[in-house]
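Student: heads up, no residue letters with this:
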């Protein structure tokens, strides 16, 4: 991916008039452009270009980097590298504010186009440039510009005229159109506008940001925050990891709140506040207490996870692995423990997991779903290594029966396929999909996953483990019951069916005033519980076929579809199929 400032430099050098930037890091855009202006910005004309920011309510304001020199603060005119920016700030230049005199609402929009068009002549006069010498060029940051000109043909044509003039005359001017989400460029302007993104901070960027704050507190507030002063590099990295997926402004706000409330960079507080922020974005930060010990059976899957877990380490790369694992699919009918298993996997791998609901990525407006997915993938890039869990993922990425969405479904699928092929394994983004119907997934998506498990209805051994787990959770002991009989009676019941039967049996005892649930209570409950197999027989048959064909692997070492346990009743689905 081309660095943002490299793209800016290329556009200025080639007189490309504009570049659109989709990012929530608007503060960082200003910093990057101001730093670019004093490093490479003068290469085109030998003069530092000026940086101006426009917004609807203020018109234009000039931005510059300020640095303390002796006891005064001065504008930094040139810089060689990043070390020259230590101790600097990007601020508005006092007195350098430009807006229409009448100040009427909306008047700053046509004024902006006129002012940029007149900038070459204005700058020579403003900066007293002698004849024959170059006036400083300009980089104009226009915030949410597309919102104000997109439906006004007159303003679109004024903007187009300006673009054509910049390109044809080779003017040292670049317009940066900035927005936090997708920029809908009018068709008339599209050919003249390059595009770029500025991602949220990665781990190294977050470490640098946390380190700056820690160092500032150590020097300027020495003695006030002993816990922060005692922080070592490993502690800083832990805080940075906890802040993964947040913008630089979001990180700054969160760290300042933590300091104000706890006098420390408290990871528990940061994680809880981050969870609220993530929820506002439509995701859920999964903090699971479920372990693999809570999952009955599924030994095949557990062994697969055991082999995958070390692949997220730096040692794996040193050993020769060229990428980290991409993901796992758990497929099976409802109630077989897919979601429980996915949550246990999150804890087992030791990485943060975002749970994403399909409806939070779908949008009724043109381009809306693609924009939502783009935002999710941008969050993944920033927060990696991270896991992304989709429950019932076929609702989002599965084949649609009647697609009349203008190609949105295909576009979204393409976004995921490209990301999983090109970036996920390198970044450490791990997808966890659960699905009730594997047949809806296109083959090219299924092949992107390292592990593909069919969570079948539990065998006799699996059902015994499930009984023991759920009885234990409810202050009952499997040793007090004839589990062999209960296991036999629940052939082709899912884990959820068994849990439901246990609850129902306990209810029979409880409402009748008995202190203990009897064997007959559970037998009666089993009789009154409709097993999953009766409702989903066709889907089970299809997914077992995927196992036979080698597309999937049974999660259970003793899967009911692969065994002929003597205690399984005749007439089971296995025999029908």
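Tutor: Cool, got the structure. Here the structure is a predicted model, which means the values were calculated and not measured.
Student: Could you report the distance from the residue located most distally from the centre of the chain to residue 100?
Tutor: The C-alpha centroid of the chain is most remote from residue 131, which lies 52.9 Å away (C-alpha atoms, centre = their mean). Distance, residue 131 to residue 100, using C-beta to C-beta, to the nearest Å: 30 Å. Yep, even glycine has a C-beta here, placed from its N, CA and C like the rest.
Student: Could you look up the SS state of residue 551?
Tutor: What DSSP: H, G, I helix; E, B strand; the rest coil gives for residue 551 is coil.
Student: Also residue 96?
Tutor: Judged by three-state DSSP, the three-state class of residue 96 is strand.
Student: Could you check what's spatially nearest to it, not counting adjacent residues?
Tutor: Spatial nearest neighbour of residue 96, chain neighbours left out: residue 62 (3.5 Å); criterion: C-beta to C-beta, 6 or more residues apart in numbering.
Student: That neighbour should be in a strand, yeah?
Tutor: Yes: under three-state DSSP, residue 62 sits within a strand.
Student: Might one say that it is in contact with residue 94?
Tutor: No: between residue 62 and residue 94 there is no contact under C-beta atoms under 8 Å: 9.3 Å.
Student: follow-up on the earlier one: next, the contact list for the residue nearest to residue 96, please.
Tutor: Listed by C-beta atoms under 8 Å, 6 or more residues apart in numbering, the contact set of residue 62 reads 50-52, 92-93, 96-97.
Student: And the strands in the stretch 351-500 of the chain?
Tutor: Assigned by DSSP state E, counting those that start in this stretch, the strands in the stretch 351-500 of the chain fall at 353-356, 386-390, 429-435, 451-454.
Student: contacting residues around the first one?
Tutor: Right, the one you point to is strand 353-356. When contacts are defined by C-beta under 8 Å, 6+ apart, strand 353-356 is touched by residues 245, 278, 282-286, 288, 343, 346, 376, 379-380, 383, 386-391, 432.
Student: ok, now which ones touch the closest residue to residue 84 other than its chain neighbours?
Tutor: In this structure, residue 84 finds its nearest non-sequential neighbour in residue 76, 7.2 Å apart by C-beta to C-beta, 6+ apart. By C-beta under 8 Å, 6+ apart, the contact list for residue 76 reads 38, 64-67, 84-85, 88.
Student: and the two most separated of these?
Tutor: By the measure C-beta to C-beta, 64 and 84 form the most distant pair in those, at 14.1 Å.
Student: Neighbour count for those two, which is higher?
Tutor: residue 64 (23 against 16; other C-beta atoms under 10 Å).
Student: so where's the chain uncertain?
Tutor: The chain contains residues with pLDDT under 70 at 1-2, 182, 287-288, 296-297, 363-367, 400-407, 557-577.
Student: Show me how it divides into domains.
Tutor: 4-197, 203-280, 292-454, 458-577 (automatic domain parsing).
Student: And the residue nearest in space to the middle of the chain, how far from residue 354?
Tutor: The chain has residue 379 as the residue nearest its centroid, 2.9 Å off, counting by C-alpha atoms, centre = their mean. Note on residue 379: its distance to residue 354, by C-beta to C-beta, is 7 Å.
Student: joint contacts of the two?
Tutor: In terms of C-beta under 8 Å, 6+ apart, residue 379 and residue 354 are both contacted by the residues 245, 283.
Student: coming back round to it: so of the strands of the stretch 351-500 of the chain, which one's packed in deepest?
Tutor: strand 429-435 (a mean of 26; mean count of other C-beta atoms under 10 Å).
Student: contacts for it?
Tutor: For strand 429-435, the external contacting residues (C-beta under 8 Å, 6+ apart) are 312, 324-331, 338-339, 342, 345-346, 349, 351, 353, 380-381, 384-394, 398, 419-420, 423-424, 441, 449.
Student: Residue 519 against residue 478, yeah?
Tutor: No: using C-beta under 8 Å as the test, residue 519 is too far from residue 478 to be in contact (11.7 Å).
Student: which residues of the stretch 51-200 of the chain fall in strands?
Tutor: Assigned by DSSP E, counting those that start in this stretch, the stretch 51-200 of the chain shows strands spanning 59-69, 72-75, 89-98, 138-143, 173-179, 193-197.
Student: That'll do, ta.
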